Each structure stands twice: as structure tokens, then as C-alpha cells.
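*Asks:* need a structure here:
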Amino acid sequence: MEIEYVTTPAERFRDLLDYPFEAHYLKIFGLNMHYVDEGSGRPILLLHGEPTWSFMYRKLISSLAKSFRVVSPDYLGFGMSDKPTNENFYTYETLYKMVCDFVDALDLSHITVVVHDWGGPLGLRYAVDNVKRVDNLVILNTGLYRLGSHLPEGVQRWLSFARRFKEDLPIDKVISTGLVKQVDEKILRGYMAPFHTGDSKVGAYMLPRIVPLHDDDPGAREMDKVAQSLAKWTKPAIVIFGSKDLIFPTTVGQAFADLIPGCVGFVVLDEAAHFVCEDMPNEVFAVMYEFLTNY
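*Replies:* Residues are numbered from 1 along each chain as shown. A predicted model of the protein is given here:
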């Protein structure tokens with residue numbers, strides 16, 4: 001079936017702050033899926049959340065690429081990738097298959113999977129389903145359905161807010177409220193660059209709508225299975241959480257650390273909120289580099 005989509009004009013991505021990377025594209029579902037591919041060595045797969053894209057990881061990419069191969073895709077609907085305009089495209093299963101097809105196309109192995117926000121349900125599921133390809137995990141401010149036995153109040157507030165909007169989802173407000181540091185206009189421009197029209201925001205406003213809230217919602221059972229598999233994960237993992245996250249409190253990070261047998265540490269960054277790689281990129285890099293050089 002042909003997928004209707006829009007493509008963000010290339011000029012919106014020119015001269016972005018600290019984002020000098022060459023653009024790469026793969027055909028996924030017949031659409032152009034953009035990704036950054038920098039450096040060489042052991043591959044690190046950076047999976048972003050909502051409504052962000054590889055721009056959020058830009059400083060981490062530059063630092064890690066000095067020692068590793070860093071691959072950071074933009075999901076279809078986000079960043080420099082094509083953006084399906086049909087709401088029905090955005091399901092947990094479709095997004096998960098997109099990640100699987102992307103990794104298969106690059107034939108990555110011995111991967112360090114790094115997840116943030118929606119990257120958690122996608123990347124952690126990929127890891128437990130492809131144990132032979134994945135060497136270790138880095139978990140940043142994310143969650144899974146019912147992890148810690150209940151949906152955090154912050155998640156409920158965010159979903160209540162986000163579901164009030166569609167084409168007019170205020171990307172700048174979402175980003176600014178997820179940060180501790182003062183928001184620079186150049187930074188906001190980077191986060192807002194992909195969303196040039198209301199049609200380009202379909203993915204951004206649909207992802208909050210497909211978060212499972214009840215046991216019979218699509219994705220709930222699958223996410224529970226991911227948590228059950230993580231309870232048997234003995235390969236190295238580390239959890240890094242910004243403590244001032246209004247969506248995922250540090251209790252969720254602690255729940256990940258307690259759940260995963262291979263977890264070697266839970267690091268709390270006190271001057272970071274939800275977008276931890278924007279608030280404290282150097283500190284996230286330092287923790288990750290030490291982890292990767294030891295495991």
C-alpha cells in the first residue's frame with residue numbers, strides 16, 4: 001500500500017547548531033529514513049524519543065564518534081526523514097518493525113543500544129528480541145508500560161497535555177518544559193526544524209496517543225513482555241536519569257536498575273530534566289565512555 005507523506009524542505013536543516021553531520025538515507029517502507037553515521041569501531045545505536053530527532057544527540061555523537069561508530073536514525077515522521085501523514089501509520093508494531101528493518105539494513109552487530117523516551121519501548125524490545133546482536137544497554141529517561149506497577153503521574157499529565165493538540169502541537173513548549181537550562185533560540189530552531197506544516201506533525205502528535213494506558217491497549221502486552229525479558233538480561237547495562245524530569249521520575253530509573261540483573265549502575269544527574277542529553281551532554285558522555293571502555 002502506498003504511504004502518503006510529506007518531506008521537510010532541506011533548507012530548514014541548514015546551519016543547525018552543532019549539527020555538522022553528513023546525511024545518510026535508507027528506504028524503509030518505501031520512504032526515505034534519515035540517519036547519522038559517524039566514526040568507526042563498535043557501533044552505538046542512538047534511538048530518540050518524541051518529539052525529538054537525532055539533533056538531540058548531536059553533542060553525544062561528536063564526542064562518541066572519536067572512539068566508536070555512532071548511528072542515530074530519525075524515525076519516519078521525525079527529523080530529516082519522510083513524514084507519513086496517515087494517523088494509522090503510527091502504531092507500536094509499525095514503529096518497531098521500522099527499527100528492526102533499519103538495523104537489519106545496516107547489518108549492525110555487537111551493538112550498544114542507547115534509548116531515550118519512546119526509544120525505550122522500541123530499542124529495549126529490539127535488544128531482548130535480538131540478544132545476539134546487542135552487547136549492552138544505556139537507558140536514559142524512558143519507561144515501559146506498568147514498569148514500577150503504575151503509570152507515573154508525570155506521564156499522565158504529559159499525555160493529557162499532548163492529546164489536546166494535533167497539527168498545532170507546540171514543539172517549542174514541549175522542549176523548553178523538558179529542560180533545566182535556559183533555552184537558546186538556536187536550540188529551539190533545531191528541534192522545530194522538522195515540523196514545517198501541520199501535516200509534518202502527525203507523528204509528533206500521534207505518539208502520545210498510542211502510549212498504552214490499560215492492559216488491553218495495543219502495545220501493553222508487548223511492553224510487559226519486554227520487562228519480563230529485561231529481568232533476565234545479564235549483559236552489561238547502565239541507567240542514566242535526569243532527576244528533574246517532569247515525566248519520568250527517578251523511581252522509574254531505579255525500577256530499571258533493580259529489574260535488570262546486568263545493570264552495573266544507576267547514575268542520577270541533578271541538573272538535568274527529561275531531555276538529559278540537551279541539559280548535560282558532557283556528563284552523559286563521561287558516564288557512557290567509562291561504561292563502554294569497561295564493558
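*Asks:* lowest-scoring secondary structure element of this protein by mean pLDDT?
*Replies:* Using mean pLDDT, DSSP states H and E, helix 153-162 stands out as the lowest-scoring helix or strand of the chain, at a mean of 86.
*Asks:* can you give me the strands for the stretch 151-295 of the chain?
*Replies:* Using DSSP state E, counting those that start in this stretch, the strands found in the stretch 151-295 of the chain span residues 237-242, 263-269.
*Asks:* okay, now the sheet partners of the shortest one, with direction.
*Replies:* Spelled out, that is strand 237-242. strand 134-140 (parallel), strand 263-269 (parallel) (DSSP bridges).
*Asks:* contact partners of the least confident helix or strand of the chain?
*Replies:* For helix 153-162, contacts defined as C-beta atoms under 8 Å, 6 or more residues apart in numbering pick out 143, 169, 174, 205, 208-209, 211, 213, 245-249. All C-beta atoms are positioned from the backbone trio N, CA, C, and that covers glycine.
*Asks:* ok, Tyr205 - contacts?
*Replies:* Here Tyr205 is in contact with 162, 165-167, 169 (criterion: C-beta under 8 Å, 6+ apart).
*Asks:* can I have the buried ones of the residues you listed as a PyMOL selection?
*Replies:* Per 16 or more other C-beta atoms under 10 Å, the buried members of these correspond to this PyMOL selection:
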select buried, resi 162+165+169
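*Asks:* pull the CA atoms of the helix or strand hosting Gly123 into PDB?
*Replies:* Gly123 is part of helix 119-129, with elements assigned from DSSP states H and E. Taking C-alpha atoms only, helix 119-129 is exported to PDB below (Å, rounded to 0.1, in the frame of the first residue of the first chain):
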ATOM      1  CA  GLY A 119      13.300   4.900  22.100                       C
ATOM      2  CA  GLY A 120      12.900   2.700  25.300                       C
ATOM      3  CA  PRO A 121       9.800   0.700  24.200                       C
ATOM      4  CA  LEU A 122      11.400   0.400  20.700                       C
ATOM      5  CA  GLY A 123      15.100  -0.200  21.500                       C
ATOM      6  CA  LEU A 124      14.700  -2.300  24.500                       C
ATOM      7  CA  ARG A 125      12.300  -4.600  22.700                       C
ATOM      8  CA  TYR A 126      14.800  -4.800  19.800                       C
ATOM      9  CA  ALA A 127      17.500  -5.700  22.300                       C
ATOM     10  CA  VAL A 128      15.700  -8.600  24.000                       C
ATOM     11  CA  ASP A 129      14.400  -9.900  20.700                       C
END
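*Asks:* give me the neighbour count for Arg163.
*Replies:* Arg163 is flanked by 13 other residues according to other C-beta atoms under 10 Å.
*Asks:* circling back to that earlier point, show me how far the least confident helix or strand of the chain is from its chain's centre.
*Replies:* 18 Å (C-alpha atoms, centre = their mean, to the nearest Å).
*Asks:* most tightly surrounded among the strands paired with strand 237-242?
*Replies:* strand 134-140 (a mean of 25; mean count of other C-beta atoms under 10 Å).
*Asks:* average pLDDT across it?
*Replies:* Across strand 134-140, the average pLDDT comes to 98.
*Asks:* ok, residues contacting that strand?
*Replies:* Residues contacting strand 134-140 (C-beta under 8 Å, 6+ apart): 42, 110-116, 120, 124, 126-127, 233, 235-241, 253, 256, 260, 262, 276-277, 284, 288, 291-292, 295.
*Asks:* tabulate the strands of the stretch 151-295 of the chain in JSON lines, adding columns for mean pLDDT and distance to Asp135.
*Replies:* Converted to JSON lines, these look like this (pLDDT from 0 to 100; distance: least, C-beta to C-beta, whole Å):
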{"stretch": "strand 237-242", "mean pLDDT": "98", "distance to Asp135": "10"}
{"stretch": "strand 263-269", "mean pLDDT": "98", "distance to Asp135": "13"}
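*Asks:* would you check which pair of the contacts of Tyr205 lies furthest apart?
*Replies:* Ala162 and Glu167 (12.9 Å; C-beta to C-beta).
*Asks:* number of residues surrounding the nearest residue to Ile3 once chain neighbours are set aside?
*Replies:* Among residues not flanking Ile3 along the chain, Pro84 sits closest, at 5.2 Å (C-beta to C-beta, 6 or more residues apart in numbering). Around Pro84 there are 22 other residues, counting by other C-beta under 10 Å.
*Asks:* list phi and psi for Pro84.
*Replies:* phi -60, psi 140 (degrees, to the nearest 10).
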